[in-house]
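Enquirer: Return a 3D structure for these sequence lines:
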Amino acid sequence: MLRFVELLIGTLTLRPYVFIFLLCYLFLAVTHIGYRRTLLFTVIAYTVAFLCEWSSAVAGTGFPFGLYRYIDATSDRELWIAGVPWMDSLSFTFLSYVSWEVAVLCRSRVKSGWSDVRVEQSPRIRNSWGTTLLASLLMTYLDIIIDPVTLLGDRWFLGRIYYYPDGGAYFGVTLANFAGWFFVCFAILRLYVLLERFIFRSPPKPHRGIAEYRYKALGAPALYFGILAFNLFITFWIGELLIGLVGVFITTPLLLLVGFSIGQRRITEQTD
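Expert: Got it, this is the predicted structure:
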């Protein structure tokens, strides 16, 4: 037990940025869908991600991310589970959640004014197959920025934790990896929707959580693009100008498209 605590503390020390993102996710999720549904989502997301990473990297099946290998250089300092870094699978909890919320935002009516921004959500939109597909695409979009710089972790504070034995077509990343991210997000969301209905018997009511606050609807997009910005910053910081410029080229249209999509569904509050 003591050793477990030491490794957990080591993970917090080595990966503080992961836990900053995780805390932001927990705040957004709990205030939006409540404690119990946040716990359910977190368990599902971690379990699906872990099984997929273990299958691809440890079991060597290459499904669904393609074949890659972890480099065990930190298992004496941070927590690993069955050959997979704990923080790696944990990251999929906030990555999939913010992708889902941005997809919901893009497909829902937005009520905005000077004092607040709210999404007029409905369970039908939130749990629809179309929203799941869009969210999976949005999470895949994140990986287009994240994976190339993660692969160069030996040049920044992440450290080199994995590699692709056969290389990859996109800055060393295999195209199968992107398909894997799409699959993982899709599996997480559909499994969550199914279990939520089974466990809670009914979907959450719109705008319910443990707290209401202004501009609540903008929290998930802020975290989504904050994660993108963090990875782009690291890319330029380590001197990978080409990867960084490609990332900016890819990210800018996405930012504009999300903004345009929200604007198309905007309802302006009437004020005196």
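Enquirer: Count the residues that sit near Arg214.
Expert: 10 (other Cβ atoms under 10 Å). Placement of C-beta: from N, CA and C, glycine included.
Enquirer: and what of Ala169?
Expert: Neighbour tally, Ala169, other Cβ under 10 Å: 9.
Enquirer: Got the confidence number for the nearest residue to Thr42 once chain neighbours are set aside?
Expert: Residue nearest to Thr42 in three dimensions, not counting chain neighbours: Thr93, with 5.0 Å by Cβ to Cβ, 6 or more residues apart in numbering. If you check Thr93, the pLDDT there is 97.
Enquirer: Next up, the contacts around Thr93.
Expert: 22, 25, 41-42, 45-46, 49 (Cβ atoms under 8 Å, 6 or more residues apart in numbering).
Enquirer: Could you do Tyr170 as well?
Expert: Tyr170 neighbours (Cβ under 8 Å, 6+ apart): 144, 148, 178.
Enquirer: Recalculate using a threshold of 10 Å.
Expert: 144, 147-148, 177-178, 243, 246 (Cβ atoms under 10 Å, 6 or more residues apart in numbering).
Enquirer: For it, list each beta-bridge partner.
Expert: Beta bridges link Tyr170 to Val173 when assigned by DSSP bridges.
Enquirer: separation between it and Arg155?
Expert: Per Cβ to Cβ, to the nearest Å, Tyr170 is found 18 Å from Arg155.
Enquirer: Counting neighbours, what do you get for Leu257?
Expert: So Leu257, with other Cβ under 10 Å, has 11 neighbours.
Enquirer: what secondary structure does it sit in?
Expert: helix (DSSP: H, G, I helix; E, B strand; the rest coil).
Enquirer: is it true that it touches Cys106?
Expert: Yes: counting by Cβ atoms under 10 Å, Leu257 touches Cys106, with 8.4 Å between them.
Enquirer: tell me the two of the contacts of Tyr170 that are most distant?
Expert: Asn177 and Val246 (16.2 Å; Cβ to Cβ).
Enquirer: Any idea which helix or strand in this protein has the lowest mean pLDDT?
Expert: The weakest-scoring helix or strand in the chain, judged by mean pLDDT, DSSP states H and E, is strand 266-268 (a mean of 57).
Enquirer: can you list the weak-confidence ranges in the stretch 101-250 of the chain?
Expert: Applying pLDDT under 70 to the stretch 101-250 of the chain picks out residues 202-209.
Enquirer: the strands in it, which residues?
Expert: Here the stretch 101-250 of the chain has its strands, by DSSP state E, counting those that start in this stretch, at 109-112, 117-120, 162-163.
Enquirer: Next, give phi and psi for Tyr215.
Expert: Backbone torsions of Tyr215, given as degrees, to the nearest 10, read phi 60, psi 30.
Enquirer: and it, how many neighbours does it have?
Expert: 12.
Enquirer: Excluding covalently adjacent residues, which one is nearest to Ile250?
Expert: In space, Ile250 is closest to Ile144, 5.9 Å off (Cβ to Cβ, 6+ apart).
Enquirer: Roughly how far does the one you found sit from Thr251?
Expert: With Cβ to Cβ as the criterion, Ile144 and Thr251 are 9 Å apart.
Enquirer: ditto for Arg37
Expert: Distance from Arg37 to Thr251, by Cβ to Cβ: 30 Å.
Enquirer: Please apply the same query to Leu105.
Expert: In terms of Cβ to Cβ, Leu105 sits 17 Å off from Thr251.
Enquirer: Same check on Gly10?
Expert: 32 Å.
Enquirer: the more surrounded of those two?
Expert: Comparing Gly10 with Thr251 by neighbour count (other Cβ under 10 Å), the higher total belongs to Thr251, at 19 against 16.
Enquirer: For that one, which non-adjacent residue is closest in space?
Expert: In space, Thr251 is closest to Leu228, 5.5 Å off (Cβ to Cβ, 6+ apart).
Enquirer: Check Phe50 too.
Expert: That would be Ser89: by Cβ to Cβ, 6+ apart, it lies 4.1 Å from Phe50.
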